[in-house]
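Engineer: here is my input, please return the structure:
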Amino acid sequence: MKRRFILYRRKLGGTFYIEDTKTRKQESLGTKDRAEAMSLLNARNESFRQPHLNLQIAKAYLTGTDSRVPTRTWQNALDAIIEMKTGSTKDRWQRAAKEKALDLIRDRVIVETQAEHLLASLKAGTVSTNVHLRKLHNFCISMNWLPWPIIPKRLWPEVRFQPKRAITVEEHKLIVEREKNPERCNFYELCWHLGGSQSDIANLKAEDVDWPNQTIAYARRKTGSLAMIHFGEAIEAVLRRLPVAGPLFPYLQSVRAGDRATEFKQRCEGLGIKGVSLHSYRYAWAERAKQCGYPERFAQEALGHNSKAVHRAYARKAKVRLPSLESYERQAAEGRIIPLPQPSSETERPGHLGQTVG
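Structural biologist: Numbers count the residues shown, from 1 in each chain. Below you'll find the predicted structure:
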């Protein structure tokens, strides 16, 4: 039988190459050692001569470095990745691992998986399936449990999230009016006024409130960054109704984030409100801040955002109408706008804020 591939060596550099006798395509073997090049050549020709044995041959080679290659399943990979996670991230992975769409590949050996198998799971699943299966696939490659990607990075189906929007003041008022539980009612009020994530607000403590300076400061549970916000009369009225020591929301702090989200969803469905979640309060705060001209750096500090890009993403749907300079100057003179720090005399040179406009 005629060989599909032939071996040759380039004079310049001495590297061995193979050539496909059918397509005349040439490929470097990346070696200058003849014995190694012959082994690669024989393996390539053997793969075309007996294609039904390719997988078995590959498993035999891989078993030499990892004895579990022939038996490791996607469920084993899920168990491994869950074991490495902590906190809320671990909870999310545990929920993701139970998705029915993953049953299509759960007990399949990883190295025996074809692209069609993953695509079938993606088709049967949701956005969450796409996100977590993609991460699981990359995890297996990083752990050398997969010799190469099953689906190339550029060919993975695009993750399409549902449209996100801010909750309106009218919707918020309806929810608060309908809510009979005082703790939940106060929780929704603080979400509206503080714009924090539901976990951050639910875990607030009385010690986080600085009454003399009228500020609330806390470390974000997601990023660890500091969020600090000055409060006025509306927030003060809510805080006065809450415990003076310990957790501000004892019950809501004790339940899972998913349970808080479910309770809120049920309340919205009862009122016919669609397209919002507890996180919509965060979008609403960012949009309100942008619409009223609240300085972006103040909003970043209040929301606990480390980057301007994140804050702008939250407020991207805000409808803004810029005030006239005359109106803005009048409000500044009346003390209704917090002035920016004035530069020192040393910085008053061309290219700085202190430069005189002539």
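Engineer: you'd agree residue 253 is up against residue 201?
Structural biologist: No - under the criterion of CB atoms under 8 Å, residue 253 lies out of contact with residue 201, with a separation of 9.8 Å. Quick note: C-beta positions are derived from backbone N, CA and C, even for glycine.
Engineer: what about the two, which has more around it?
Structural biologist: Neighbour count, other CB atoms under 10 Å: between residue 253 and residue 201, residue 201 has more, with 27 against 18.
Engineer: against residue 139, how distant is the residue nearest the centre of the chain?
Structural biologist: Central residue of the chain (CA atoms, centre = their mean): residue 131, 9.2 Å from the mean position. The span separating residue 131 from residue 139 equals 13 Å under the rule CB to CB, to the nearest Å.
Engineer: repeat for residue 41
Structural biologist: For residue 41, the distance to residue 139 equals 34 Å [CB to CB].
Engineer: in what helix or strand does residue 212 lie?
Structural biologist: Under the criterion DSSP states H and E, no helix or strand holds residue 212.
Engineer: for the residue lying closest to residue 88 once chain neighbours are set aside, what are its contacts?
Structural biologist: Once its chain neighbours are removed from consideration, residue 88 has its nearest residue in residue 257; the separation is 6.9 Å (CB to CB, 6 or more residues apart in numbering). The neighbourhood of residue 257, defined by CB atoms under 8 Å, 6 or more residues apart in numbering, consists of 88, 198-199, 202.
Engineer: then residue 276?
Structural biologist: 165-167, 171, 268.
Engineer: among those residues, which are in strands?
Structural biologist: Residues of the contacts of residue 276 located in strands (DSSP state E): none.
Engineer: in stretch 5-13, what counts as buried?
Structural biologist: Within stretch 5-13, the residues that qualify as buried are 5, 7, counting by 16 or more other CB atoms under 10 Å.
Engineer: could you look up the SS state of residue 69?
Structural biologist: On the three-state scheme (DSSP: H, G, I helix; E, B strand; the rest coil), residue 69 is labelled coil.
Engineer: where do the domain boundaries of the protein fall?
Structural biologist: If the domains of the chain are taken from automatic domain parsing, they occupy 5-49, 74-155, 169-314, with pieces of a single domain joined by a plus sign.
Engineer: reformat those domains as JSON lines; add distance to residue 335 and mean pLDDT.
Structural biologist: Output for the domains of the chain, formatted as JSON lines (distance: least, CB to CB, whole Å; pLDDT from 0 to 100):
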{"stretch": "domain 5-49", "distance to residue 335": "72", "mean pLDDT": "88"}
{"stretch": "domain 74-155", "distance to residue 335": "43", "mean pLDDT": "93"}
{"stretch": "domain 169-314", "distance to residue 335": "15", "mean pLDDT": "88"}
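Engineer: now these as TSV including distance to residue 331?
Structural biologist: Converted to TSV, the domains of the chain look like this (distance: least, CB to CB, whole Å):
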stretch	distance to residue 331
domain 5-49	69
domain 74-155	42
domain 169-314	9
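Engineer: can you say which of those is nearest to residue 66?
Structural biologist: Within the domains of the chain, the stretch nearest residue 66 is domain 74-155; the backing value is 7.1 Å (CB to CB).
Engineer: endpoints of the closest one, how far apart?
Structural biologist: Its first and final residues considered, domain 74-155 spans 20 Å by CA to CA, to the nearest Å.
Engineer: the strands in the stretch 151-300 of the chain, which residues?
Structural biologist: If you assign secondary structure with DSSP state E, counting those that start in this stretch, the strands in the stretch 151-300 of the chain sit at 209-210, 215-219, 226-230.
Engineer: rebuild these as CSV, extending it with mean neighbour count and distance to residue 5.
Structural biologist: CSV is the format used below for the strands of the stretch 151-300 of the chain (neighbours: other CB atoms under 10 Å; distance: least, CB to CB, whole Å):
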stretch, mean neighbour count, distance to residue 5
strand 209-210, 16, 74
strand 215-219, 17, 60
strand 226-230, 17, 62
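Engineer: in a strand, residue 27, correct?
Structural biologist: Yes - in this structure, residue 27 lies within a strand as judged by three-state DSSP.
Engineer: now stretch 254-266: buried residues?
Structural biologist: Buried residues in stretch 254-266, counting neighbours by 16+ other CB under 10 Å, are found at 257, 260, 263-264.
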